[in-house]
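**Q** Using only what follows, build the 3D model:
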Amino acid sequence: MPHPFAQTPKWLSVWLFTIISVGVFAAQPEPKELFWEDMVPKGFIAPEVTVDHLNNMSQAAPNAPVLPELNGQYVKIPGFVVPLEGTAELTTEFLLVPYFGACIHVPPPPSNQIVYVTFKNGVPIDNLYDAVWVVGKLSTDGWSGDIATVGYTLEGVEVLPYE
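**A** Take a look at the predicted model:
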């Protein structure tokens, strides 16, 4: 006896696939656009960064406060990429910073102005000079590395050109 679904009409299969696909894509909410000033608690004033001609790249505020209400939110944040891990084609870990050169040419900004981003399978980053939008789930779990201490982490879903 043939399986009951062996004779399923093609239109029904296409219809079911469409319904399931729409449900999967609809489950992903529209990301909340966050800008760097949205990630700083009211009243926090970062110490001024002083120029050190001996190349001391000390971070201005390595323990800057974060906003707990941002934890777990699905967000879209603009910034510049500072690659940490990956291959020539795909980046799996990077820092997202508010201005070009942060953490490389100038001291790192306060920790609440840096996001440590991970992409499980990696993502292509075409040009480090260009700003991007990064979409994903934000966490207030910090991260610390050789370059900087970070106040936020993000499980990346997508990188888009900043326009």
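**Q** what bridges to residue 152?
**A** residue 115 (DSSP bridges).
**Q** isn't it right next to residue 115, touching?
**A** Yes - counting by C-beta atoms under 8 Å, residue 152 touches residue 115, with 4.6 Å between them. Quick note: C-beta positions are derived from backbone N, CA and C, even for glycine.
**Q** so what sits against both of those two?
**A** Jointly contacting residue 152 and residue 115 under the rule C-beta atoms under 8 Å, 6 or more residues apart in numbering are residue 138.
**Q** what sits against residue 117?
**A** The contact partners of residue 117, by C-beta under 8 Å, 6+ apart, come to 93, 94, 95, 96, 134, 136, 153, 154, 156.
**Q** let's see 6 Å
**A** 94, 96, 134, 154, 156 (C-beta atoms under 6 Å, 6 or more residues apart in numbering).
**Q** just the residues you listed now: which is nearest residue 70?
**A** Lowest distance from residue 70 to the contacts of residue 117 (C-beta to C-beta) belongs to residue 154, with 10.3 Å.
**Q** For the closest one, give its distance to residue 47.
**A** Using C-beta to C-beta, to the nearest Å, we find residue 154 at a distance of 25 Å from residue 47.
**Q** which of those two has more neighbours?
**A** Taking neighbours as other C-beta atoms under 10 Å, residue 154 and residue 47 compare with residue 154 leading, 20 against 10.
**Q** ok but the more buried one is inside a strand, no?
**A** Yes - applying DSSP: H, G, I helix; E, B strand; the rest coil, one finds residue 154 inside a strand.
**Q** where's it relative to residue 34, distance?
**A** Distance, residue 154 to residue 34, by C-beta to C-beta: 10 Å.
**Q** Can you name the secondary structure element that comes next after the worst-scoring helix or strand of the chain on mean pLDDT?
**A** In the chain, the helix or strand scored least confidently by mean pLDDT, DSSP states H and E is helix 10-27, which has a mean of 44. Heading C-terminal from helix 10-27, the first helix or strand you meet, by DSSP states H and E, is strand 32-33.
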